[in-house]
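J.: no sequence on this one, just coordinates:
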């Protein structure tokens with residue numbers, strides 16, 4: 001019976017069988033050492049000519065890095081070995097020999113992206129992908145435990161956002177359709193039956209951006225909640241982000257640390273998070289050398305300046321209505337702004353959540369459509385939104401929601417240099433392969 005490498009710690013002195021891939025190989029003559037890798041870790045295997053049949057020693061002699069093998073042997077403790085254990089092999093069987101592996105120790109970023117399908121085997125990427133899976137698990141657990149229902153929205157839509165300029169167009173049986181930039185509108189439809197829902201699906205943005213935080217395809221967590229206001233929404237975001245971080249620190253601590261995360265930096269991520277209005281944020285940025293005016297959006301540099309010295313995430317609230325979406329209601333206390341909040345990760349990692357209350361009265365929605373058209377010089381195809389307006393005509397209720405970019409959150413919690421390493425196969429402006 002085969003076991004995983006992570007299970008050998010309590011099997012010292014016992015015979016085991018393992019399967020995996022040759023991660024490293026060294027030695028010559030009568031003894032060879034290989035490092036075997038499976039999903040759970042690595043372990044050193046010592047293979048002696050005198051302990052193996054001639055046919056199997058030939059396998060040892062000829063096997064290459066990344067070949068797949070199965071190994072039988074006895075577990076011994078050895079502090080000189082990479083993980084403190086070694087398998088003294090009594091048998092090795094070749095499953096599949098590898099051609100000369102194209103990735104060596106020092107390679108360019110571009111080559112590693114070209115060979116992404118192979119680079120995912122690296123210990124670095126393996127650890128990041130495990131943390132990614134854990135982040136998804138903790139996010140779902142928090143929402144499921146708080147009365148949410150997961151829904152499955154379409155990824156092809158006729159609703160082209162506000163202009164369609166940042167969306168990918170597809171030929172849908174002779175008609176223009178779009179890859180969704182957000183599942184929000186479909187989530188809103190579902191609150192009228194389920195009240196609290198979330199979608200967890202890819203979103204697509206055709207932004208021509210080369211920053212370290214942009215992807216053309218990313219995983220988007222979008223909760224939508226009936227009867228919530230903006231303050232309740234921010235409290236929910238605080239709970240979700242804190243639950244993900246807490247789950248990683250408590251349930252996945254060893255993995256989290258192996259992936260290079262600093263637990264001390266994240267140990268104090270607990271509600272409440274800092275809150276600052278857009279207006280105050282502009283003042284703060286301008287006091288740090290920027291020259292921003294009311295209505296200016298924040299770029300990478302502004303987000304870095306705003307949070308690089310912060311230890312907890314920061315909500316920036318009540319943004320100007322001219323730069324926010326048509327579905328956000330006007331702030332009754334300042335009609336220049338809308339009832340929204342964006343969450344900025346600390347340490348300059350940028351926005352990870354955008355949320356707001358939603359307009360829920362039909363007349364107000366139509367008015368906002370017209371205001372946005374006038375402000376942005378664009379024209380909505382109202383036929384594409386007739387179904388959405390129906391939601392407000394038939395029993396509309398106050399509600400709110402938010403979207404969380406999962407790769408941005410992963411980039412933050414692991415302090416990654418670039419968002420491309422937070423997803424298995426990054427899609428960026430200049431990359432659609434492999």
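T.: That came through fine. Since the model is a prediction, treat every value here as computed from it, not as a measurement.

J.: CA atoms for contacts and neighbours, from now on please.
T.: Noted.

J.: Quick check: the gap between residue 219 and residue 67.
T.: Going from residue 219 to residue 67 by C-alpha to C-alpha, to the nearest Å gives 33 Å.

J.: Pull the contacting residues for residue 265.
T.: Neighbouring residues of residue 265 by C-alpha atoms under 8 Å, 6 or more residues apart in numbering: residue 311.

J.: That one: what secondary structure?
T.: Look at residue 265: counting by DSSP: H, G, I helix; E, B strand; the rest coil, its state is helix.

J.: So it versus residue 347, what's the distance?
T.: 10 Å.

J.: Which neighbours do those two have in common?
T.: What both residue 265 and residue 347 touch, as defined by C-alpha under 8 Å, 6+ apart, is the set residue 311.

J.: Can you spell out the domain ranges of the chain, please?
T.: 5-96, 116-422 (automatic domain parsing).

J.: out of those, nearest to residue 433?
T.: domain 116-422 (8.7 Å; C-alpha to C-alpha).

J.: quick one: terminal-to-terminal distance for that closest one?
T.: 13 Å.

J.: And stretch 210-218, by the same measure?
T.: End-to-end span of stretch 210-218 (C-alpha to C-alpha): 15 Å.

J.: what does it contact?
T.: Under C-alpha under 8 Å, 6+ apart, the answer for stretch 210-218 is 202-207, 300, 349-350, 405-408, 417-420, 423, 426-429.

J.: Quick one: distance of the worst-scoring helix or strand of the chain on mean pLDDT to the chain centre.
T.: The helix or strand of the chain with the poorest confidence is helix 362-376; it has a mean of 83 (mean pLDDT, DSSP states H and E). What separates the centre of helix 362-376 from the centre of its chain is 33 Å, taken as C-alpha atoms, centre = their mean, to the nearest Å.

J.: ditto for stretch 351-359
T.: 18 Å.

J.: One more: stretch 222-242?
T.: 19 Å.

J.: Poorly predicted segments of this protein, please.
T.: Where the chain drops to pLDDT under 70, the residues are 160-165, 376-381.

J.: Would you map the helices across it?
T.: For the chain, applying DSSP state H gives helices covering 54-62, 109-114, 116-119, 123-145, 184-194, 230-251, 253-258, 263-266, 278-286, 300-307, 362-376, 386-393, 406-413.

J.: Give me whichever of these is most buried.
T.: Highest mean neighbour count of the helices of the chain: helix 406-413, a mean of 24 (counted as mean count of other C-alpha atoms under 10 Å).

J.: who does that helix touch, helix- and strand-wise?
T.: helix 123-145, strand 217-226, strand 350-358 (3 or more C-alpha pairs under 8 Å, 6 or more residues apart in numbering; DSSP states H and E).

J.: Adding distance to residue 25, write these out as TSV.
T.: Formatted as TSV, the helices and strands packed on helix 406-413 follow (distance: least, C-alpha to C-alpha, whole Å):
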stretch	distance to residue 25
helix 123-145	16
strand 217-226	37
strand 350-358	42
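
J.: who does the closest residue to residue 277 other than its chain neighbours bridge with?
T.: Once flanking residues are discounted, residue 277 sits nearest to residue 317: 4.5 Å by C-alpha to C-alpha, 6 or more residues apart in numbering. Taking DSSP bridges, one obtains residue 277, residue 341 as the residues bridged to residue 317.

J.: if I pick residue 317, what's in contact with it?
T.: For residue 317, the contact set (C-alpha under 8 Å, 6+ apart) comprises 275, 276, 277, 278, 339, 340, 341, 342.

J.: didn't residue 281 look like it was pressed against residue 306?
T.: Yes: at 7.4 Å, residue 281 and residue 306 qualify as touching, with contact defined as C-alpha atoms under 8 Å.

J.: Please name the residues that touch residue 425.
T.: Residue 425 neighbours (C-alpha under 8 Å, 6+ apart): 116, 117, 433, 434.

J.: Please tabulate these in CSV, including the columns distance to residue 145.
T.: Output for these, formatted as CSV (distance: C-alpha to C-alpha, whole Å):
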residue, distance to residue 145
116, 36
117, 35
433, 38
434, 37
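
J.: what sits against residue 219?
T.: 200, 201, 202, 203, 405, 406, 407.

J.: what do you get for residue 220?
T.: Residue 220 neighbours (C-alpha under 8 Å, 6+ apart): 182, 199, 200, 201, 202, 203, 403, 404, 405, 406.

J.: let's see it at 6 Å
T.: Residues in contact with residue 220 (C-alpha atoms under 6 Å, 6 or more residues apart in numbering) are 200, 201, 202, 404, 405.

J.: List the beta-bridge partners for the fourth one.
T.: Listed by DSSP bridges, the beta-bridge partners for residue 404 are residue 221, residue 353.

J.: Cheers, nothing more for now.
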